[in-house]
Structures are given as structure tokens and as C-alpha cells.
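# Quick one, what's the 3D model for this:
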Amino acid sequence: MRKRLAAIMAAAALLLSGCAAAQGSSGTRKASETASSGTRKASETASSGTKTSGKKKFVYSNSHSEHSSESQLDEKKFMKDFNAQGFKLVKTEKNTAAKQFEISEYKKDGKTVYLLVIDGNNNYLICPKDFSSDSVKNALGDRLTVITQGIDNIYLAASAAAANFRAINAIDSIGFSGIAENEWYIPEIKSAMKKGTIKYAGKFSAPDYELLTSKKVPLAIESTMITHAPAVKEKLAKLGIPILVDYSSYETTSEARMEWVRVYGLITGHEKEASGFFDKEMATIKKVANLKSTGKTCAYFSIDTSGSITVKRGSDYMARMIKTAGGSYVFSYIEAPSKKSHMANVSVTFEDFYKKAKDADVLMIDTATDNSIKSLNDLESRNKLFKDFKAVKSGNIYTTADGLFQFVDKSAEITTDMHRIFTDGNPKQYFTKLK
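Now for the predicted structure:
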């Protein structure tokens, strides 16, 4: 009996320590998006690696679990109730790369409407202005968000979505921003905020409810960070402001993230522009992808003022972009425990970073969280051991352009610029060589 009691007490102690660690980690997580990201930081270290096939495999906890069977059953019931409202399926569009949304065309009462499903079970009805949706709202309640096609005066609090509006010339559909002017790197939005055509309406976790309601904002576009602010979602819903949560940061390729332009083309009524843009960009990426591999190895990482380092997991869109551009990512073996994990960055000790990156042909420094490295001396001041690195000795170290994570619509150009690094070492726009 005593042994059993001791075992129970030990298990409880382990559980409590695990909870405390988890709370500490979430407390330090930044609420800002990064490319990758949209971009959420993982705080796992190299010491969490386990042995697999003779090498360390780094894994980290999954903050976004797979849909439960209950959730899947709810979606089946929703579709049954949705169809019972007289919607007739015309077609379901096939995505080229994106996995996190699906668009289906329906007919009802002689009108063409669209069912947009995001992340498997978030349902949005996109309908024309003259479509009567009252009966549908009454029947389906909070299981369906109704959005009128072609709306403007949108409150945009998802930085990853902004580039899609630029790509289809729909910046004027945005009336309010959840991101301050000095945090934007998209010139068209910065300019609109300076002119006052886009106004700051508070960040995602503390929006200016009075401003949004007084200006009759018809839609709030949020990042997945809104899931950490349930009170805000509830308040916006009570005020009658529909919310669309952008899951593009959960896509694992730049092509898939870029395909979200179709979602915003549909909402703003710019479907043709969205289709034309996406097809053109995909053609450019395919040209680069069809080139032979350069054989160059690359370490893509970020480093803060204390010298702490994070790298991209092997299935992150940036790691895959390196491969498309003809390079080989040296941390490709770092992976998540399941396909549903969406954290992009993993912390590693400098010792483990040194082992893999010391002989890499190219070093790329992500400036999303720290853009203060402007020279080789700045880099070596973070850790003197950088002097031993092959890329430092040969001068093949590059920093990303500020705000690169916001330039989803420039994925083809970024990939092309990255290819230049692996070939002639002379990028034109999105990377800068350190001297």
C-alpha cells in the first residue's frame, strides 16, 4: 500500500512540474506573427531530442491537436443541416497546394453562393448582397458565419493576410488595422495608414469596440492568435461583427500560403484577379524548381542579443523554399511529433547548432524578431565561434529583408532571390550580404 501511495505521489509531482513548465513557456510566447509564420515560437531545446536511426530527432509539443472524432461528426451534421436548407452543390474547387481551406460553389433561390470551410470545421457562407440569409442564420446559428461578398471597411488583424489584398488590388477593402503603422512592412498599407484611409483600431487582443461598431465594420479578419483571446471573439460576436480566422500560417509551403489569395479574392469579389495572380506566381516558382540542385548547404536561423538560436523545423515553408531554390537545409531532420503541429521555430543549443551549421555553405539570418545584425562584427559579437564557420570565412552570410514574413505575395520573387544566393551569391531584393 505504501509503495502504491508513493508511486501516486511521484506521478502527481511530475504532472505538476509539467504543468508549471507549460505555463512558463506560454507566458513567454509572443503574440505577434512571424513568417513562417505566422509565426509562433516554440521554446523547445536540443536537449529534448531522442535517438532515431543513429541521429537526434528534435520534436516539440503540438499546440494544435488533430480534429477529434466528435468534431468530425459535428461537421457531418452541419453539412446535413446545411443541405436541408435547399443548397445545391455545383462544384468543389480543387486546391493546387493549400490544405487549410476548401471552397465549394452552391445554388440557392437562383443565387450563386460559396461555402468556405477553413481548418476542417470553420464554416463561412460567402453570398451576394441580394441574397436573403436570415432563414439560414436562424437554422444554423453559430455553426455558420455569413459574409457578404464585395464588402469593404474590413478590420484586419492578421498580418499574413495583408499581402493577399495587395496582390489583387483590394487594399481599399481594408478600413481598419489591428497592427500599428510602424509594424507594417507593406508600403501600400503604411501609406494608407498615413493618409488615414486605414485607421488603427487596436490590436487583436484589445480592439476598439466602440470604433468598430460606430463605423459598422462588417468583418474582422484575425490570425490564429485570436484563439488565445476567447473573450474578444465572444465580444465581437455579441456586437454582430463576423470573424474569419486566417489559418494560412498553418500551411507548410510558400505555394500553399500564397494560394490563400483565392480566399480573399472570393470575399472581396476579386476572384479573377486572385486566380490570375496565383497562376502567374506558380509558373515562376515552377521555373526555379525545375532548375538543378546547386548542392549548396544552408543554415537558416535567428539569433537574439543573448546568443540564443532558433531554427526552422524541416517541414516549415521556409525550409521547403530553400529546397525549391536549389539548396539543402542542414536542419531538415528537425521535425514535429505529428502532421498537425504548426510551430515553425525550435530552439537549439549553440553546441548543436555549431555541429550542423559550421560547415554549411550559406548562413541565412532571419530578422523577424531581431534586425540589429548589420555586419560580420555584429554576428561575431553574439558568439565568437562564428569565426570558425565556413560561410563566415567565405563571406556567404545573408540577412532577410525586414518584414519578409509579411510578403506572402512575393514568394516567387523571394524563391528566385534565394536561388541567386546559391548560384552567384548576388541577391537583388529580399536578402542582404553581411560584410
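
# ok, the residue nearest the centre of the chain to residue 284 distance?
The centroid of the chain falls nearest to residue 249 when counting by Cα atoms, centre = their mean (1.7 Å). When distance is defined by Cβ to Cβ, to the nearest Å, residue 249 is 22 Å away from residue 284. All C-beta spots, glycine's among them, are computed from the backbone N, C-alpha and C.

# Residue 130 now?
39 Å.

# Neighbour count for those two, which is higher?
Between residue 130 and residue 284, residue 284 has the larger neighbour count (other Cβ atoms under 10 Å), namely 14 against 7.

# quick one: contacts for that one?
Neighbouring residues of residue 284 by Cβ atoms under 8 Å, 6 or more residues apart in numbering: 412, 413, 415, 416.

# which of the residues you listed tops the neighbour count?
In the contacts of residue 284, the most neighbours by other Cβ under 10 Å go to residue 415, 24 neighbours.

# So what's the residue count around residue 286?
Quick note: residue 286 (other Cβ under 10 Å) scores 12 neighbours.

# does it count as helix, strand or coil?
Following DSSP: H, G, I helix; E, B strand; the rest coil, we place residue 286 in the helix state.

# One more: the one 5 residues further on?
Three-state call for residue 291 (three-state DSSP): coil.

# Skipping its backbone neighbours, what lies nearest it in space?
The shortest distance from residue 291 to any non-neighbouring residue, by Cβ to Cβ, 6 or more residues apart in numbering, is to residue 326 (5.9 Å).

# Quick check: pLDDT value at the one you found.
Residue 326 carries a pLDDT value of 96.

# Please tell me how far it sits from residue 211.
48 Å.

# Likewise for residue 370?
33 Å.

# hang on, the earlier thing: so what's the residue count around the residue nearest to residue 291?
For residue 326, using other Cβ under 10 Å, the count is 22.

# Then residue 397?
22.

# Max pairwise distance over the contacts of residue 284: which two?
Using Cβ to Cβ, the two most remote members of the contacts of residue 284 are 413 and 415, lying 7.3 Å apart.

# thought residue 297 was touching residue 359?
Yes - counting by Cβ atoms under 8 Å, residue 359 is a contact partner of residue 297 at 7.4 Å.

# Among these two, which residue is more densely surrounded?
A side-by-side neighbour count of residue 297 and residue 359, using other Cβ under 10 Å, places residue 297 first with 19 against 13.

# Listing partners with orientation, what would you give for the helix or strand the more buried one falls within?
Counting by DSSP states H and E, the element that carries residue 297 is strand 296-303. Next to strand 296-303 in the sheet, as set by DSSP bridges, lie strand 309-312 (antiparallel), strand 327-329 (parallel), strand 362-365 (parallel).

# Give me the contact list for that strand.
309-312, 318-319, 322, 326-331, 345, 353, 356-357, 359-370, 373, 379, 382-383, 391, 422.

# For the stretch 301-435 of the chain, which segments count as helices?
All helices of the stretch 301-435 of the chain, identified by DSSP state H, counting those that start in this stretch, fall at 317-324, 350-357, 376-382, 390-394, 411-423.

# Out of those helices, which one sits most buried?
A comparison of the helices of the stretch 301-435 of the chain by mean neighbour count, using mean count of other Cβ atoms under 10 Å, puts helix 317-324 on top with a mean of 23.

# Give the next helix or strand downstream of the helix or strand harbouring residue 155.
Here residue 155, judged by DSSP H and E, is contained in strand 154-157. For strand 154-157, the following helix or strand on the C-terminal side (DSSP H and E) is helix 159-167.

# could you dump that following helix to CSV, C-alpha only?
Extracted C-alpha coordinates of helix 159-167, given in CSV (Å, rounded to 0.1, in the frame of the first residue of the first chain):
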residue,chain,number,x,y,z
SER,A,159,-0.6,40.4,-40.9
ALA,A,160,-0.1,37.3,-43.0
ALA,A,161,-3.4,38.1,-44.9
ALA,A,162,-2.5,41.6,-45.9
ALA,A,163,-0.2,40.8,-48.9
ASN,A,164,-3.2,38.9,-50.5
PHE,A,165,-5.1,42.2,-50.6
ARG,A,166,-2.2,43.9,-52.2
ALA,A,167,-1.9,41.1,-54.8
